[in-house]
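Colleague: Turn this into a model:
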Amino acid sequence: MRKRAAVLCGAAVVMAGTLTAVPADASPSPTAGSVHAAEVTWKKCGTADYPALQCASLKVPLDHANPRGRQISLALSRIPHTAKKYQGPLLVNPGGPGGSGITLAGFVAKSLPKAVAAQYDVIGFDPRGVGRSKPALDCRPGHFKPVRPDTVPVTPALERADLNRVKAFAAACGKKYADVLPYIDTVSAVRDMDSIRQALGARRLNYFGYSYGTYLGAVYARLFPQHVRRLVLDSIVDPTGVWYDDNLGQDHAFNDRHRALMRWIAKYDKTYKLGTDPDKVEAKWYAMRAALAKKPAGRKVGASELEDTFMPGGYYNGYWPYLAEAFSAYVVKHDPEPLVEAYQNFDAVDASGDNGYSVYTSVQCRDTSWPRDWDQWRKDTWEVFEQAPFMTWNNAWYNAPCAFWPTRSRQPVNIANGQLPPVLLFQATDDAATPYQGGATVHRLLARSSLVVEQGGGNHGVTLSGNTCLDKHLAAYLSDGTVPRGNGEADAVCKTLPDPKPLTSKAASTSARGSALHGLLGYRG
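Modeller: As a prediction, this is how the structure comes out:
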């Protein structure tokens with residue numbers, strides 16, 4: 001899980017593997033009278049940022065094995081195509097599991113080159129259980145209400161308190177949604193995606209997924225390879241580790257990324273006055289954590305909430321200046337207010353967060369088997385913690401309801417696939433949430449895939465966030481199917497963008513595009 005890319009391409013990258021760009025199997029526009037098109041009625045739901053956005057809902061079976069049984073509702077969104085050349089629907093997903101894709105459709109359509117976006121109906125959706133879809137899950141409102149017990153169980157009493165929380169969450173889900181939980185999983189969501197395809201009147205689907213959305217797309221391609229036209233996966237889940245091993249791998253990667261933040265802060269000692277030695281800066285961070293464990297800032301930010309606040313910095317370095325200012329204010333000026341503000345801005349959980357977490361646990365716990373012996377969790381977590389203390393226990397408790405989940409588990413899906421058209425993959429070498437090895441693994445498992453690597457990049461979700469090299473590959477693929485073909489592990493390599501600088505009004509404005517994407521992707525995805 002901790003493998004990083006070194007020298008990835010041994011030869012010059014050659015552009016090859018071009019697909020002929022024609023309408024998706026000559027599919028008509030969804031407004032042209034398909035037998036399924038009447039199932040989706042679009043209404044205006046535009047926002048200031050995305051005025052062309054339209055919304056709809058679609059009924060699908062709760063249990064796809066019983067299509068005439070109970071129906072649930074999926075929320076959909078669309079930015080319609082405007083070009084004469086129509087390439088079909090482009091379904092987008094921000095990850096999670098539990099992320100809402102309604103607004104992502106607007107973002108993707110606005111961020112792609114106009115000539116490319118105009119050729120697609122960009123379709124967002126809230127997967128089953130999420131957001132505006134019905135029913136929307138909320139197992140235990142207020143589960144993350146501060147101040148929570150310290151995540152690191154240094155005493156038996158702390159371990160009992162944390163265990164009681166996760167057991168209560170699992171029990172609440174089982175009691176509240178006993179009839180729904182057996183059908184909240186990746187395979188069911190994938191079958192929903194094919195229902196969306198049919199309702200849109202498309203013979204084949206174009207798909208663009210970030211984070212967990214990459215696993216969703218890969219499973220769709222495995223179950224419905226004949227319905228895949230183009231497939232873009234950005235920041236790729238390792239399908240061989242779902243989900244217990246993947247989470248342990250994250251712990252090492254997030255610790256590395258946290259140390260990268262400490263090095264960045266040390267580089268700007270004149271601004272933050274926390275020292276020039278990254279190890280000593282890191283020691284001050286852990287001293288701050290210990291102090292907050294005893295006296296939470298503003299009665300809101302204890303040790304656990306501090307971890308929550310700094311975790312987004314592992315997803316996106318655009319947050320680093322804000323986190324550094326809060327850190328400095330607390331340590332140097334003895335002012336806790338910026339830290340409380342950072343917590344409220346970056347990781348305080350509201351009702352939508354409760355919903356997202358309820359779906360996250362429901363999907364992950366159902367997707368595959370988890371250890372049911374808490375002794376194994378304790379042993380594995382302490383072993384990783386010794387090397388990577390930053391978020392190891394926090395991550396363990398986040399996923400621990402799966403040790404006590406009330407539904408039986410499915411078998412994970414083997415996504416290996418030799419039946420697809422060319423597929424385009426994007427991966428940053430230092431991504432913490434989906435470490436590099438996931439991209440390399442999926443590249444091997446998808447026979448006709450091309451891997452574009454952001455060398456030295458540590459952000460999670462790398463396309464449409466300001467890197468023109470990456471975006472050029474994305475636009476070429478969506479425009480006419482062009483993919484790069486190289487001789488190394490990667491087919492193309494792009495340099496990462498520079499890390500941010502301490503806050504100025506100019507620096508804040510230049511990070512807006514990446515910030516918009518990462519606000520939609522969220523965390524833990």
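
Colleague: what does stretch 435-442 contact?
Modeller: Residues outside stretch 435-442 that contact it (Cβ atoms under 8 Å, 6 or more residues apart in numbering): 1-5, 214, 218, 233, 235-241, 246, 249-250, 252-253, 415, 425-430, 449, 451, 453, 489. Placement of C-beta: from N, CA and C, glycine included.

Colleague: need the strands for the stretch 1-150 of the chain, in chain order.
Modeller: Under the criterion DSSP state E, counting those that start in this stretch, the stretch 1-150 of the chain contains strands at 14-16, 43-44, 54-61, 71-79, 89-93, 121-126.

Colleague: cool, the stretch 201-350 of the chain as well?
Modeller: Along the stretch 201-350 of the chain, counting by DSSP E, counting those that start in this stretch, strands occupy 205-210, 228-234.

Colleague: how about the ones you listed, which one is nearest Ala118?
Modeller: Nearest to Ala118, of all the strands of the stretch 201-350 of the chain, is strand 205-210, at 14.0 Å by Cβ to Cβ.

Colleague: Tell me which strands the closest one pairs with, and in which orientation.
Modeller: Paired with strand 205-210 in the same sheet, following DSSP bridges, are strand 89-93 (parallel), strand 228-234 (parallel).

Colleague: What lies in contact with the shortest one?
Modeller: Taking Cβ under 8 Å, 6+ apart as the criterion, the residues outside strand 89-93 that touch it are 24, 30, 99, 101, 104-105, 108, 120-125, 127, 193, 196-197, 200, 202, 205-210, 212-213, 216-217, 230, 478.

Colleague: what pLDDT, on average, does it get?
Modeller: Mean pLDDT, computed over strand 89-93, is 98.

Colleague: can you check the last one too?
Modeller: Here strand 228-234 scores 98 as its mean pLDDT.

Colleague: For that strand, output the C-alpha coordinates as PDB.
Modeller: The C-alpha trace of strand 228-234 is given here as PDB (Å, rounded to 0.1, in the frame of the first residue of the first chain):
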ATOM      1  CA  VAL A 228     -19.100   0.800 -21.400                       C
ATOM      2  CA  ARG A 229     -18.100   3.400 -24.000                       C
ATOM      3  CA  ARG A 230     -15.500   5.500 -22.200                       C
ATOM      4  CA  LEU A 231     -14.300   5.100 -18.600                       C
ATOM      5  CA  VAL A 232     -12.200   7.700 -16.600                       C
ATOM      6  CA  LEU A 233     -11.000   6.800 -13.100                       C
ATOM      7  CA  ASP A 234      -9.200   9.400 -11.000                       C
END
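
Colleague: contacts for it?
Modeller: With Cβ under 8 Å, 6+ apart as the contact definition, strand 228-234 has outside contacts at 19, 24-25, 87-88, 90, 204-211, 213-214, 217-218, 220-221, 420-421, 423-427, 442, 461-463, 474, 477-478, 481.

Colleague: 7 Å instead?
Modeller: Outside strand 228-234, the residues within contact range by Cβ atoms under 7 Å, 6 or more residues apart in numbering are 24, 88, 204-210, 214, 217-218, 221, 420-421, 423-426, 442, 461-463, 474, 477-478, 481.

Colleague: So how do I select the buried members of the residues you listed in PyMOL?
Modeller: This is how PyMOL selects the buried members of the contacts of strand 228-234, with burial counted by 16 or more other Cβ atoms under 10 Å:
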select buried, resi 24+88+204+205+206+207+208+209+210+214+217+218+221+420+421+423+424+425+426+442+461+462+463+474+477+478+481
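
Colleague: Point out the ones among the contacts of strand 228-234 that are inside helices.
Modeller: Among these, the ones falling in helices (DSSP state H) are Thr214, Gly217, Ala218, Ala221, Val442, Leu474, Tyr477, Leu478.
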